[in-house]
Structure formats: C-alpha cells, structure tokens
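Asker: here is my input, please return the structure:
(2 chains)
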Amino acid sequence: MRLLLVNQPLKIRETIGNTVKEEVRIKPKQQNKLLLFHKTILNLKSEEEEMKTKLFSIVGLLVVLAMIISACTPTQPATQAPATKAVEQQQPTQPPSQSEAQPSGKKLICVIVPPVENPFFGAMQEIAAKKAEELGYETLKLVHDDDANKQMQLIESCIAKKAAAIILDNAGADATVAAVQKAKDAGIPSFLVDREITKEGVAVAQIVSNNYQGATILAEYFVKLMGEEGNYVELTGRDTDTNAHIRSQGYHDVIDQYPKMKMVAQQTANWSQTEAYSVMETILQAHPDIKGVICGNDTMALGAQAALLAAGRKDVIVVGFDGSDDAIQSIMKGELKATSLQPVAEMATQAAIQADLYIRTGSTGKPEKQSIDMVLITPENACHYKQFAPTGETGPCPTPPSQ
Amino acid sequence: MTTVKASPVQKSHRISRTDLLQFLMYGRAFIALILVVLIFSILSPQFLSAQNMVIMSKHVAQNALLAIGMTFVILTGGIDLSVGSIVGLTAMIAGGLINEGIRLDFLGVIIYPHTWTIIIISLIAGTLMGAINGLVITRFRVAPFIATLGMLYVARGFAGLRNNGYTFANIVGRPEFGNTGFERLGAGSFLGISYSIWIMAVFALIAWFVTTRLPFGRHVYAIGGNERAAELSGVRVNPTKAIVYMISGFCSAMVGLIIASELVAAHPATGETYELNAIAAVVLGGTSLAGGRGGIGGTLIGAFVIGVLGDGLVMLGVSSFWQKVIKGAVIVLAVIIDQAQARMQERIALQQQQEIGASTSRQSTPED
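Answerer: Numbering: from 1, shown residues only, chains lettered A, B, ... in the order given. Just a heads-up that it's a prediction; the model follows:
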C-alpha cells in the first residue's frame, strides 16, 4: 500500500511533466522498488528520442516536397498536350516517337475493372487485355474494388504513366464522370464497358449490354415457366448500382402485365451469394408458398438456389442474370432454369478494337453510346456458351436430369 | 527542460554497435520509405516524375489525414472504427447541401448555404459524430471498439438513407444560388500542389505541435500510458478522450469533403474500409495499439509507405491480389520490428539505469 502511494505520483509526474527523471536517478536506493515503473519511464525516453528522429524524417519529407515544388513547373500540362496529340495522329507503321514514354516502344492501355473475384469482371479484363495485346499494346490490368475514389487514383496513375487509352468498367455512374473527365483533360481517351456514366461527351465510347432488353426476355421466359400465375420473389442487386434498377424495371415491365403473378417479397442481396442464401432462407420462412424466384444476377440466383435446395424445395423456379459459367453449369444440371447472357466477350473485344482505332485514326467511327443485345440462356442452348461467349457448337444440348 | 539537457550527456556515453542498430530501428519507417521509392523508381521509369510524385502525395493525403486523427485516438489506447463511415456520411451531407439545400417546409423556403458554410457545416457534422463516439465511450463506459463499431454501421446507414442509396451527382452548385466552387477543394492547387496535400501538411504540423508541445498532448500520452494514474494526477480523462474522438471525426469529415470534391459526386459507399488503412498507417508508423507510445511523424511516414507501396505496385501492374498480400506482410513486419526495438530499448535503458546507479553509489559511498 505504501509502495503504491509513493510510486504512483512519481510515475505520473514522469508521464506528464517529463521532469522527474533527475529525481529518479538521484535516488538509487529506490531503484529496486521503482523497477516496475521503469517501463513507463523508458517508453517516455524512447518517445522523446523518437520525436527527434521523426523530426528529421519530417524535414526529409519536406525536402522531398520542396523538390516536387521546384520540379513542378506550370509548363507540365503544356508539354503533355502535344505529346498526346502526337499519339492520336500516329500511324501504326511509325511507332518510335512515343518511345520516351514507353521504353519498350509499345503504347500502354489501362484496363480497369471492378473486383475480379467476380468471374464476370475477371473474364472481361482478360479478354480486353488479350485483344489489346494482340493489337500490339502493352496492358496494365487494374482493379478498383467498386470504390470511386480508388478508381480516381488508378486513373491518375494511368495518366502519370502516360497511357494511350483507358478501358474502364466503372465504379458508379455519377461518381465516375470526374475521373473520366480528368483523363480526357490529360488527352487520354476512355472506353467504357458494361456500365454507363451519366454524362455524354466525356468518354469516347460507352459500350454496354442492353440490360433492359436482357431483363425483358428473361422475364418473359420466367412468366412462361411459371405458367403465368403464382407467387414469386425478387432478389435485387445493390441499391446504389444503376444496373440493379434497370434490371428490376425490365422484369416488372413484363411481369406486371400478368395479374395472376404476385410478388410476395422484394429484397436486396447486394449481388452477393451468401447474402442471397440467408435472405432466401428468411423469405422461405415467411412465404413457403412461393413458386419462383427472379434474381438481379447469377451469384444471387445461385445463393437462392442453394438455400432452396437445402430446404428441399426443388420445385421452385430460379432464374439469374449475367450468364456466368457457374450459372450455365447449374442450368445444365437442371437447377437454375434460365439466365440472360452478358455479351462480355463482345463488349471487351469491341473496346480494345475501338481504342486501337481511335489511337491510330482519332475516331472510332461509331456513336458514343453502343448497346449490345443480350442472349437468353435456357437448358436448350446452355451448352453452347462458355466464358460469356458462344463456343461455336450448335448441336442439341443434353436434357438436364428431371426433378 | 532538465531532460533536454540531460539527454546529450547520456548519448555521449554510449557510441557502439547497438547505437547504430538503434538508429536504424528508429528510422526504420523512413528507411523503408526510401527503399520503396528507390525500388519503384528503378522498376518503373515514370515513377519518379514530378507529376507522379504530386499524384501519389495526393493519394497519401486522404489516408494520412484519417491516420492523423486516428493517431490521437490510438495514443489514448482507444480505436476509431467509424472513420470510413464518417467520411461517407459527411460526403453525403455536403453533397446534399449543395444539390438540395436545407428544406424548411414550415417556412416554405429552401436555404442554399454558401460553399464555405457547407464545408463548415460538414466539418461540424463530422466532429459531432466523433463527439457522440466520445460520449458513448466516456459517459456510458462502452469499449471504444464497440462504440465506434456501432457508429460505423449507424453512419453508413444514414449515408445511404440521405439519398436513398443514390449518388448526389455533379455537386458543383449553381451560380444563381451562390454555392459554386466546391469542386475546387479537390481539383485546385497552390504552387502546383493540390490543396489536399497542403491540408495534410497543415493538419500534420498542428497535430505534431499539439502532441509534443501542448499539455493536451501530454495528457493524451498519459492516458494511453496509464489511464488510472493519469486520472489520479489530475488529468481530466473523460473530456480529453472525448476531444480525441472529435479530432478523429473532424479529420474524417475533411477527407469526406476532399473525396466528394475530387469526384464531384457524393456516393454513399465512399470510404468503406478506410478505417483499416488508417489504422495500418498508424501502426506502421510505430504507434502502439496499447496507447501511450508513438507520434504524428511516424504516422505520416506510415501513410506514405502504404500509399507509395500501393501506387508503385499499381504502376508496375502487379495483380491486385498480390498487392494485398504485400501490404499485409509489410504491416506485420513493421510491427515485428517495432516489438524488437521496444525490447532492445528496454534492455539498453535498464543497463543505463544500472550504470548510473552504480556510478552514483560509487560517488556516494565515500560520503557515507
């Protein structure tokens, strides 16, 4: 008890005032008792010295900053503009003058997509990059994780790397405009795929799949499977995503024409398989009498399907959207009933081709907004598609095992 | 003052191999930064260009600002998980004020505040959210982790509610309302350097001054070192802790404004998982998660290491999966070195204490 009373104030004064060190030292006999508290004192000392080294570090950083200031003359943008103009005018037969930017002599195309954990975006990135490389470009494959701010940073890095073009599947229709504008101001053309932005005239091309058309053909097939009547559930995509709304709109524009089709629940599962699984389980508790589930994408459809299978409800009709390989496999197994195939390969290839055309000639020869129709995938044609592209096969598909 | 005089004397006592090792360990984050910059400038020709340096500093600035606020919190031994969500909510508040103004239905008017007012309102809003964190932690004795985890969800939820999940697009204001110019915060620059970098520099200087020169800063360290002891010695623990979370909220609000201004749009998902980046920068800079040890300088360097590493790997075109692996490994490695340094320091200082003890007792024996 006594010890505590003596030592605590000491330690406290040490911690706060930083002035008691001498006191501690001139009382060596107390040392053993104080050993417990050395740690605090030591920490403080280290902190003090650390401050000093960090001061040096800050000075160092400031020097670096100062160097940046001195190096950053206002002529920077001026020198850059002609360089990019040169890029636009260059013919493929005479590439060398760009070599100062790209030592290998190849021009650079950045391919920026959402998280590649989703095979949809992974495939798109691979296909676009492969096509660009075929056309003689170097590619930089980047991922923006659906974060508009990170996307902005990636685009800035591409500008710094003096890219010749950017192929982009963006992170938000509104939040992307400024980033694409920035690239345009730096003389770099952007080619948007899959998702649109809300402003025209900023990107050179916006090549998107016709989500609305895809949704309506899928909804028509869904209604047919349901026999034009019965309770159904809709799982929608992330609320902040334009495509979630467009698809839902497309579904309802068709389904709502059939008065006997009744939507008993509409829930978002944020494009996620696990979320769809748990949401489906909950909905099934509340509405065991459902006959069909229509989903905003394939991953959600697969999640919902898994929940239904786990509950022994093989009879429920589930349809997805996107046409991923997993969904096509599932359709061939007789689980999912249908999906709309995104023409990913077509979009990605077109973006690379048009970027190349624009870099060489200064024009794509096409309007900015280009929409590519989607294809309905059913058990009858599921075996003809792989990796978002037709495989070229035409024979009849094996009939999936019946329920 | 006495200690300042004392330390050079101490230093002259020991110039050895351990001394050099100690210096290397002190400056490890800075050395790491230099190494990273060197490696990337060799591997990528555009890396060292002035333009890229400015861009990288701009990217670092956002995380650094969050990390500066976070440093205060962590120094007290707390943690703030809500910074990313506060970033998102402030962005939405600012975006909403510009695009929709303040609706006063009972008066039948809509007030469109001036851009400056909007910035100030947003900063106050962020600070208030921090104050709520602080209140819950100090008043209701909720662990900081839990309290700020709650705020993480609440603030993110409100960010979505503000515009029903939609983005506030094109937040440039309208001349007839006199609320234009918001986009200049993110796009403008002074002496060729973006405003966000200047803001980072100013915030860092103030924070450095506060932590090292003001009583408040010493109180923050004292609370992190031993809260009970600090309280007994008269530190007003609860107000100090509350202020610390307000600082963090204020910094988050600033970042929210910068991001919204750069994107010229306010997206409700802005800033998701940014809290983890901020914590990583703080830890990388040598601040102990247990509190009481570390500082702003280290945090700033930590933020630079993470930012430069991220941007450099992007420029090299390293796969995003590998980027994550490398980032994680660097953070853990930094903490391992930090621990080693702390142990070494303990040993050295104990030796010193013994030496001093021995010498003083030698001096004192004749007198006895």
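
Asker: in a strand, A:Pro115, correct?
Answerer: No: A:Pro115: not assigned to a strand; according to DSSP: H, G, I helix; E, B strand; the rest coil it is coil.

Asker: which residues does it contact?
Answerer: Shown in contact with A:Pro115 (Cβ atoms under 8 Å, 6 or more residues apart in numbering or on different chains): A:Phe121, A:Val143, A:Asp145, A:Asp146, B:Ser320. (C-beta placed from N, C-alpha, C; glycine too.)

Asker: so A:Val293, which state does it fall into?
Answerer: Put simply, A:Val293 is strand when judged by three-state DSSP.

Asker: run through chain A and note the low-pLDDT ranges.
Answerer: Applying pLDDT under 70 to chain A flags the ranges A:1-104, A:401-403.

Asker: so A:Ile109 is in contact with A:Leu168, correct?
Answerer: No: look at A:Ile109 against A:Leu168 with Cβ atoms under 8 Å: they stay out of range, at 10.7 Å.

Asker: quick check: residues of the stretch 101-250 of chain A near chain B?
Answerer: A:101, A:103, A:115-116, A:139-143, A:145-149, A:152-154, A:156-157, A:159-162, A:172-175, A:177-179, A:198-199, A:239-240 (Cβ under 8 Å from any Cβ of the partner chain).

Asker: in helices, which of those fall?
Answerer: A:Ala148, A:Asn149, A:Met152, A:Gln153, A:Leu154, A:Glu156, A:Ser157, A:Ile159, A:Ala160, A:Val177, A:Ala178, A:Ala179 (DSSP state H).

Asker: what residues of stretch B:122-140 count as buried?
Answerer: B:122-127, B:129-138 (16 or more other Cβ atoms under 10 Å in any protein chain shown).

Asker: nope, stretch A:274-289 is what I meant
Answerer: The neighbour-count check on stretch A:274-289 (16+ other Cβ under 10 Å) flags A:Glu275, A:Ala276, A:Tyr277, A:Val279, A:Met280, A:Glu281, A:Ile283, A:Leu284 as buried.

Asker: among those, which one sits closest to chain B?
Answerer: Checking these against chain B by Cβ to the nearest Cβ gives A:Glu275 as the nearest, at 15.4 Å.

Asker: got a winner among the ones in helices among the residues of the stretch 101-250 of chain A next to chain B for most neighbours?
Answerer: Neighbour count (other Cβ atoms under 10 Å in any protein chain shown) singles out A:Ala179 as the most crowded of these, with 31 neighbours.

Asker: contact partners for it?
Answerer: Contacts of A:Ala179 were listed using Cβ under 8 Å, 6+ apart, and they are A:Ala148, A:Gln151, A:Met152, A:Ile155, A:Asn170, B:Leu263.

Asker: now render those residues as JSON lines, adding distance to B:Glu100.
Answerer: Output for the contacts of A:Ala179, formatted as JSON lines (distance: Cβ to Cβ, whole Å):
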{"residue": "A:Ala148", "distance to B:Glu100": "20"}
{"residue": "A:Gln151", "distance to B:Glu100": "25"}
{"residue": "A:Met152", "distance to B:Glu100": "24"}
{"residue": "A:Ile155", "distance to B:Glu100": "28"}
{"residue": "A:Asn170", "distance to B:Glu100": "24"}
{"residue": "B:Leu263", "distance to B:Glu100": "18"}
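
Asker: identify those among the contacts of A:Pro115 that sit within strands.
Answerer: Those of the contacts of A:Pro115 mapping onto strands are A:Val143, per DSSP state E.

Asker: number of nearby residues for residue 239?
Answerer: In the absence of a named chain, this looks at chain A. If you count neighbours by other Cβ under 10 Å, A:Asp239 ends up with 14.

Asker: not quite, I wanted chain B
Answerer: Per other Cβ under 10 Å, the neighbour tally for B:Pro239 reads 13.

Asker: ok, A:Pro259 next?
Answerer: Neighbour tally, A:Pro259, other Cβ under 10 Å: 8.

Asker: quick check: it is in a strand.
Answerer: No: per three-state DSSP, A:Pro259 lies outside any strand segment and is coil.

Asker: what about it, distance to B:Ile243?
Answerer: 62 Å (Cβ to Cβ, to the nearest Å).

Asker: quick check: A:Asp325 touching A:Ala382?
Answerer: No: counting by Cβ under 8 Å, A:Ala382 is not a contact partner of A:Asp325; they are 10.4 Å apart.

Asker: comparing those two, which residue is more hemmed in?
Answerer: Neighbours per residue (other Cβ under 10 Å) separate A:Asp325 from A:Ala382, with A:Ala382 holding more: 24 against 15.

Asker: what's the nearest residue to that one if we skip its chain neighbours?
Answerer: Nearest residue to A:Ala382 in three dimensions, chain neighbours excluded: A:Ile331, at 4.4 Å (Cβ to Cβ, 6 or more residues apart in numbering or on different chains).

Asker: does the one you found really touch A:Leu341, like I thought?
Answerer: No: between A:Ile331 and A:Leu341 there is no contact, the gap being 10.8 Å when judged by Cβ under 8 Å.

Asker: quick check: neighbours shared by these two?
Answerer: By Cβ under 8 Å, 6+ apart, A:Ile331 and A:Leu341 have these common neighbours: A:Ile377.

Asker: so which bits of the stretch 251-368 of chain B are right by chain A?
Answerer: B:259, B:262-265, B:267-272, B:286, B:292-298, B:300-301, B:304, B:311, B:314-315, B:317, B:319-320, B:342, B:345-346, B:349-350, B:353, B:356-357, B:360-361, B:364.

Asker: keep only those of those that are in helices.
Answerer: Mapping those onto helices (DSSP H) picks out B:259, B:262-263, B:296-298, B:300-301, B:304, B:311, B:314-315, B:320, B:342, B:345-346, B:349-350, B:353, B:356-357, B:360-361, B:364.

Asker: of those, buried ones?
Answerer: Buried among those by 16+ other Cβ under 10 Å: B:259, B:262-263, B:296-298, B:300-301, B:304, B:311, B:314-315, B:320, B:342, B:345, B:349, B:353, B:356-357, B:360.

Asker: which stretches of the stretch 201-350 of chain A form helices?
Answerer: When assigned using DSSP state H, counting those that start in this stretch, the helices of the stretch 201-350 of chain A occupy the ranges A:211-226, A:242-255, A:273-286, A:298-310, A:325-333, A:344-361.

Asker: in the stretch 251-368 of chain B, which ranges drop under the pLDDT threshold?
Answerer: Ranges of the stretch 251-368 of chain B meeting pLDDT under 70: B:361-368.

Asker: repeat the analysis, applying 50 as the threshold.
Answerer: B:367-368 (pLDDT under 50).

Asker: that older thread, now flag whichever of the ones in helices among the residues of the stretch 101-250 of chain A next to chain B is closest to A:Gln125.
Answerer: A:Leu154 (12.8 Å; Cβ to Cβ).

Asker: neighbours of the residue nearest to that closest one when sequence neighbours are not counted, just the number please.
Answerer: With Cβ to Cβ, 6+ apart as the criterion, A:Leu154 has its nearest non-adjacent residue at 4.9 Å, and that residue is A:Leu142. Neighbour count of A:Leu142, defined by other Cβ under 10 Å: 27.

Asker: re earlier: just give me the closest of the contacts of A:Ala179 to B:Ala143.
Answerer: The closest of those, once distances to B:Ala143 are taken by Cβ to Cβ, is A:Ala148, at 32.7 Å.

Asker: pretty sure the closest one is touching A:Ala173, no?
Answerer: No: using Cβ under 8 Å, A:Ala148 makes no contact with A:Ala173, being 10.1 Å away.

Asker: taking the ones in helices among the residues of the stretch 101-250 of chain A next to chain B together, which two end up most distant?
Answerer: A:Ala160 and A:Val177 (20.6 Å).
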